[in-house]
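Q: Sequence first, predicted coordinates after that:
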Amino acid sequence: MPHFTCIVHEGQPAHSQAESLEAALQALHDDHFPPEKASMTWRVVPPGQMFTEAKPSTTSIVAPSVDHPTPAEQRERFMRAICDLWTTSTGCTDHEVLVALSDANPSTSSGA
């Protein structure tokens with residue numbers, strides 16, 4: 001089953017827009033892969049818990065996973081679409097969103 005883990009900072013735009021971002025991520029998944037309901041996990045980082053250059057971080061991490069091998073070109077299009085969605089929706093820059101896609105072939109995945 002596809003899954004998204006999103007790590008966002010409390011008080012940042014991505015935190016307050018989680019519901020609309022979740023719907024948009026599901027739509028992106030459906031556009032790039034066969035439609036299948038993706039589960040979502042949101043982790044909210046309290047203020048003062050993550051830093052970039054000794055300042056409170058504004059970076060979001062979006063980590064989707066899919067249960068099938070994904071060719072590089074398809075991976076790149078999907079990750080670029082997520083980044084574009086995130087920057088357009090939240091006003092952050094490309095430097096403030098990390099997107100990392102993991103994929104596995106369910107017949108060979110160990111599940112670990």
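A: Yep, it's here. Residues are numbered from 1 along each chain as shown.

Q: Asp31 against Ile82, yeah?
A: No: counting by Cβ atoms under 8 Å, Asp31 does not reach Ile82; the two are 11.1 Å apart. For every residue, glycine as well, the C-beta is placed using N, CA and C.

Q: Neighbour count for these two, which is higher?
A: Ile82 (24 against 11; other Cβ atoms under 10 Å).

Q: Whichever strand or helix holds the more buried one: what's the following helix or strand?
A: Under the criterion of DSSP states H and E, Ile82 resides in helix 72-90. Once helix 72-90 ends, the next helix or strand along the chain (criterion: DSSP H and E) is strand 97-99.

Q: Show me where this protein has its strands.
A: Using DSSP state E, the strands of the chain run over 3-9, 39-45, 51-52, 55-56, 60-66, 97-99, 102-103.

Q: just for the protein, where's the confidence low?
A: 105-112 (pLDDT under 70).

Q: Nearest residue to the middle of it?
A: Val62 (2.2 Å; Cα atoms, centre = their mean).

Q: quick one: it from Ala54, how far?
A: Val62 is 24 Å from Ala54, where distance means Cβ to Cβ, to the nearest Å.
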